[in-house]
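Undergrad: no sequence on this one, just coordinates:
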């Protein structure tokens, strides 16, 4: 059951990501205009990473997209968005740091 729920959650996150990056956050300008959505998206992604990191990390194309857009998000002048993106990066790095302890 947990396996199925985790797969469904990743599928939902993938759909949210695709929709978000193809419309609301499709380029640098839309990132600048929608800092609150950048913040919410990366908070959501960080929560998923905390709960089910292996699933997210195994999906390299998906992860690549999230990282590329995160770098774009760091270029905007929005503190809360930066914090959410940095929390995502910290969570990602922590996963690998803890794995090797």
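TA: Thanks, I have it. Please read all numbers here as calculations on a predicted model, not as lab measurements.

Undergrad: Identify the spatial nearest neighbour of residue 7, chain neighbours not counted.
TA: Leaving out its chain neighbours, the residue that sits closest to residue 7 by Cβ to Cβ, 6 or more residues apart in numbering is residue 55, at 7.6 Å. All C-beta atoms are positioned from the backbone trio N, CA, C, and that covers glycine.

Undergrad: Just give me the neighbour total for the one you found.
TA: 17 (other Cβ atoms under 10 Å).

Undergrad: unless I'm mixing things up, it is touching residue 6, no?
TA: Yes - judged on Cβ atoms under 8 Å, residue 55 makes contact with residue 6 at a distance of 5.8 Å.

Undergrad: all helices of the chain, in order?
TA: Using DSSP state H, the helices assigned to the chain run over residues 2-22, 28-33, 35-51, 53-58, 60-73, 79-99.

Undergrad: Now tell me which helix or strand of this protein has the poorest mean pLDDT.
TA: For the chain, counting by mean pLDDT, DSSP states H and E, helix 53-58 ranks last in confidence among helices and strands (a mean of 85).

Undergrad: Of the helices of the chain, which stretch is the most buried?
TA: Sort the helices of the chain by mean neighbour count, taking mean count of other Cβ atoms under 10 Å, and helix 35-51 sits at the top with a mean of 19.
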